[in-house]
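S.K.: only geometry, no sequence info:
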């Protein structure tokens, strides 16, 4: 007979060892937060660039702690400049892709919703290679 919490225990153990899985979890939270700020700004001011700036600015600190703390287990201050620089690149790519896709997708909110997975993958690659590089891999020993 298995313990009632066996599946939950296994999921927690897997989550604690897997950076990509933790990144997805944090990414969902970060994306919802950023998408809400972006959407509210678009709704209030009807400016795509302002929505992206508001989403990026509101999200940088929030994302640093969710991504740095939860995903990479490192929120040291020396990582903030590179984190900020990566977010400027993310903003630039996001804005360029929005400009290309908005006419095809009937508006900035639908376009952003569809671009979010692409931007998330780009973000993970940037953050693992330029901000949180050199960190030891998650522990393979059971907790």
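M.R.: Sure, I can see it. Owing to the predicted nature of the structure, the values given are computational and were not obtained by experimental measurement.

S.K.: ok, which stretches of the protein are strands?
M.R.: Using DSSP state E, the chain contains no strands.

S.K.: for the most centrally placed residue in it, what are its contacts?
M.R.: With distances taken as C-alpha atoms, centre = their mean, residue 27 lies nearest the centre of the chain, 3.8 Å away. Contact analysis of residue 27 by C-beta atoms under 8 Å, 6 or more residues apart in numbering lists 120, 123-124. Where you see a C-beta, it was placed from the backbone N, CA and C, and this is true even at glycine.

S.K.: repeat that with 10 Å
M.R.: By C-beta atoms under 10 Å, 6 or more residues apart in numbering, the contact set of residue 27 is 20, 34, 63, 66-67, 71, 116-117, 119-121, 123-124.

S.K.: identify the farthest-apart pair in the residues you listed.
M.R.: Spanning the widest gap among the contacts of residue 27 are 20 and 34, at 19.6 Å by C-beta to C-beta.

S.K.: tell me which of these two has more neighbours.
M.R.: residue 34 (25 against 11; other C-beta atoms under 10 Å).

S.K.: so what pLDDT did that one get?
M.R.: On the pLDDT scale, residue 34 is placed at 83.
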